[in-house]
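Enquirer: Let's see this in three dimensions:
(one chain, ligands or ions: 4)
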Amino acid sequence: MTEIYTDSDTERAQLSNKTVAVLGYGSQGHAHAQNLDDSGIDVVVGLRPGSRSREHAQDDGLRVATPSEAAAEADIVVMLIPDTVQPSVYETIASELDPGDTLQFAHGFNIHYGQIEPPEDVDVTMVAPKGPGHLVRRTYERGEGTPGLFAVYQDATGEASSEALAYAGAIGCTRAGVIETTFREETETDLFGEQAVLCGGVTDLIKAGYETLVDAGYSSEMAYFECLNELKLIVDLLYEGGHTEMWNSVSDTAEYGGLTRGEDVVDREAMEAILDGVQSGEFAREWIAENQASRPAYRQHRRAEQNHEIEEVGDRLRELFAWSEQAEPAPADD
Ligand SMILES: NC(=O)C1=CN([C@@H]2O[C@H](COP(=O)(O)OP(=O)(O)OC[C@H]3O[C@@H](n4cnc5c(N)ncnc54)[C@H](OP(=O)(O)O)[C@@H]3O)[C@@H](O)[C@H]2O)C=CC1
Ligand SMILES: CC[C@](O)(C(C)=O)C(=O)O
Ligand SMILES: [Mg+2]
Ligand SMILES: [Mg+2]
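Expert: Ligands and ions are numbered 1, 2, ... in the order given. Okay, here's the model as predicted:
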């Protein structure tokens with residue numbers, strides 16, 4: 001059985017005389033920085049000159065410096081900027097890493113695929129919340145937490161592991177449970193999960209269900225409620241009590257129909273091909289090249305997604321939900 005680390009396994013004091021530089025103030029950055037600050041840790045946010053995030057971080061009461069100034073004064077430098085810009089920003093802060101400092105990530109992409117090669121005398125760790133940054137902050141504020149992973153790629157000080165766990169505690173992850181992993185395992189499972197299930201798989205399933213109903217003559221509102229809105233209610237049951245609770249809660253008719261028809265819509269070979277692309281590095285090479293070419297395919301896919309009819313229908317119907325807890329909107333990417 002995999003060991004699950006909780007609050008009682010962390011030595012929070014390990015961070016008490018350390019300064020953490022959080023580079024980036026986006027989805028993960030704002031959550032880590034604010035949670036660390038609320039946990040009494042000395043934090044400085046590293047942002048490029050002219051950064052749009054500067055005002056947000058300052059309004060939230062945090063100290064802001066440039067990435068290299070922040071790295072210079074910090075003991076732990078956390079890379080919370082987009083994966084694709086990390087290698088070039090790393091070049092600007094590398095000389096500020098002193099022996100015994102920690103270079104920390106929330107995702108293993110750049111270490112695993114060899115895009116960043118840190119010096120041997122620093123610790124290289126990962127603390128990866130298993131959830132979007134806005135929920136890392138929201139759950140922390142409620143006294144809850146987001147489950148997370150930690151990993152050690154390089155242990156120059158002999159304290160890399162316990163420091164990473166202490167950090168996971170300070171951002172609230174050990175309230176929910178943290179497991180140890182490797183950079184390889186985190187990178188490959190995270191990329192597979194977001195492509196095949198969590199982000200890519202689920203949005204395509206929704207669109208395919210919606211389009212099948214609308215093309216067959218049903219109203220777009222009906223299709224939206226059936227294929228998107230109700231999904232949240234079903235996922236809430238899965239989250240609370242697993243498949244058994246969900247199947248118990250829906251009708252026997254839904255249970256029989258789902259159990260006998262569901263597998264027809266999932267293509268296991270396509271899933272294996274996605275995993276192969278991640279494991280072989282083919283996806284990483286494609287994504288790096290896409291960025292070098294200024295993201296033409298990314299922009300095209302994103303535009304098509306934003307212009308899909310289900311977005312307009314959803315905006316209109318969600319306006320009716322007066323009780324809805326409006327999530328703090330994630331800042332739009334370029
Ligand atoms: N999103 C998530 O919930 C999760 C993300 N991760 C990992 O966390 C890391 C951060 O991801 P995420 O939070 O999504 O990142 P975001 O896209 O939200 O990061 C945006 C931040 O990065 C800054 N930034 C963007 N480009 C540059 C640049 N060229 N130079 C300096 N700063 C820049 C932005 O500042 P500015 O205002 O100047 O543009 C902004 O503060 C990644 O490794 C990701 O894989 C892991 C788990 C979940
Ligand atoms: C599921 C997407 C994610 O891996 C995450 C929120 O965990 C990401 O890269 O944003
Ligand atoms: Mg993830
Ligand atoms: Mg990810």
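Enquirer: I'd like the distance between residue 30 and ligand 4.
Expert: 17 Å (CB to the ion, to the nearest Å). Bear in mind the C-beta positions are built from the backbone N, C-alpha and C, glycine included.
Enquirer: got the contact list for that residue?
Expert: Residue 30 makes contacts with 53, 56, 57, 60, 133, 137, as judged by CB atoms under 8 Å, 6 or more residues apart in numbering.
Enquirer: Please pick the buried ones from those.
Expert: Among those, those buried by neighbour count (16 or more other CB atoms under 10 Å) are 53, 56, 57, 133, 137.
Enquirer: Hmm, residue 160 is touching residue 122, no?
Expert: No - under the criterion of CB atoms under 8 Å, residue 160 makes no contact with residue 122, lying 9.4 Å away.
Enquirer: Buried ones in stretch 180-194, by neighbour count?
Expert: By neighbour count on 16+ other CB under 10 Å, the buried set for stretch 180-194 is 180, 181, 183, 186, 187, 188, 189, 190, 191, 192.
Enquirer: Could you check how far the second one is from residue 206?
Expert: Taken as CB to CB, to the nearest Å, the spacing of residue 181 relative to residue 206 amounts to 30 Å.
Enquirer: Which single residue of the stretch 51-200 of the chain ends up nearest ligand 4?
Expert: residue 190 (4.4 Å; CB to the ion).
Enquirer: do you know how far the residue lying closest to that residue once chain neighbours are set aside is from residue 162?
Expert: Once flanking residues are discounted, residue 190 sits nearest to residue 107: 6.1 Å by CB to CB, 6 or more residues apart in numbering. Distance of residue 107 to residue 162, computed by CB to CB: 21 Å.
Enquirer: more neighbours, the two?
Expert: residue 107 (20 against 15; other CB atoms under 10 Å).
Enquirer: ok, that one - contacts?
Expert: When contacts are counted by CB under 8 Å, 6+ apart, residue 107 is found next to 83, 126, 128, 186, 187, 190.
Enquirer: Wait, the fifth one touches residue 109, no?
Expert: Yes - Residue 187 is within contact range of residue 109, at 5.6 Å (criterion: CB under 8 Å).
Enquirer: coming back round to it: could you dump the buried ones among the contacts of residue 30 into JSON lines with distance to residue 222 and secondary structure added?
Expert: Formatted as JSON lines, the buried ones among the contacts of residue 30 follow (distance: CB to CB, whole Å; DSSP: H, G, I helix; E, B strand; the rest coil):
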{"residue": "53", "distance to residue 222": "41", "secondary structure": "coil"}
{"residue": "56", "distance to residue 222": "39", "secondary structure": "helix"}
{"residue": "57", "distance to residue 222": "44", "secondary structure": "helix"}
{"residue": "133", "distance to residue 222": "34", "secondary structure": "helix"}
{"residue": "137", "distance to residue 222": "35", "secondary structure": "helix"}
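Enquirer: how about those residues in TSV, adding distance to ligand 1 and pLDDT?
Expert: Output for the buried ones among the contacts of residue 30, formatted as TSV (distance: CB to the nearest ligand atom, whole Å; pLDDT from 0 to 100):
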residue	distance to ligand 1	pLDDT
53	3	96
56	8	97
57	8	98
133	4	97
137	10	98
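Enquirer: Would you mind trimming the residues you listed to those in range of ligand 2?
Expert: When CB under 6 Å from any ligand atom is applied, no member of these is adjacent to ligand 2.
Enquirer: which one of these sits closest to residue 45?
Expert: Closest approach to residue 45 among these (CB to CB): residue 57, at 4.6 Å.
Enquirer: Where does the residue in the stretch 151-300 of the chain positioned nearest to ligand 1 sit, in terms of helix or strand?
Expert: For the stretch 151-300 of the chain, the residue closest to ligand 1 is residue 190, as judged by CB to the nearest ligand atom, at 7.2 Å. Residue 190 belongs to helix 183-192 when assigned by DSSP states H and E.
Enquirer: average pLDDT across the helix or strand just after that helix?
Expert: On the C-terminal side of helix 183-192, the closest following helix or strand by DSSP H and E is helix 200-215. Across helix 200-215, the average pLDDT comes to 98.
Enquirer: Mind giving me the packing neighbours of the helix or strand following helix 200-215?
Expert: Counting by DSSP H and E, the next helix or strand C-terminal to helix 200-215 is helix 220-224. Judged by 3 or more CB pairs under 8 Å, 6 or more residues apart in numbering; DSSP states H and E, helix 220-224 is in contact with helix 200-215, helix 309-318.
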